[in-house]
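> Build me a structure from this.
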Amino acid sequence: MNPINWLLIKLIRFYQLFISPLLGKNCRYEPTCSAYSIEALKEHGAIKGSYLSTKRILSCHPWGGSGYDPVPKNLRKQAECEKHSCESHKRDSND
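Numbers count the residues shown, from 1 in each chain. Now for the predicted structure:
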C-alpha cells in the first residue's frame, strides 16, 4: 500500500476510534463517511480517493443527500483485472 494511503487510512481510523464516539451517530449516509473514505482510498488511491471523500463529507449536511451511497468502482482497475483474470473484481461484479 502506498505510504500516503496508509497514513490517511490511519488518520481516519484514529478519528473512528477516538473522536467519532464523542460526537455520536451523525452520519446521514450508509456507509458512514469515514468508512466511505477508507474504501475510496483503497479503491482509487490518495488523490481521487481524497477527492471522493471530501465531496462526500461536504454533502453531509441537513440540505444534502442521505441514504445508501457506495464508493464508485474503479473502472480502470476493474478492466485491468478482467484482462488478467483477477478474481476479486470478478466476484464484485457478479454480486
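
> residue contacts, the spatially closest residue to residue 64 that is not a sequence neighbour?
The spatially closest residue to residue 64, leaving aside those adjacent along the chain, is residue 28, at 6.9 Å (CB to CB, 6 or more residues apart in numbering). C-betas here are computed from N, CA, C, even on glycine. Residues in contact with residue 28 (CB atoms under 8 Å, 6 or more residues apart in numbering) are 60, 64, 65, 66, 67.

> Format those as TSV; extra columns: secondary structure.
Shown next, in TSV, are the contacts of residue 28 (DSSP: H, G, I helix; E, B strand; the rest coil):
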residue	secondary structure
60	coil
64	coil
65	coil
66	coil
67	strand
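
> Just the buried ones from those, in PyMOL syntax?
Of the contacts of residue 28, the buried ones go into a single PyMOL selection, burial set by 16 or more other CB atoms under 10 Å:
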select buried, resi 60
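
> and which of the contacts of residue 28 is nearest to residue 42?
Taking CB to CB as the measure, residue 42 lies nearest residue 60 of the contacts of residue 28, at 20.3 Å.
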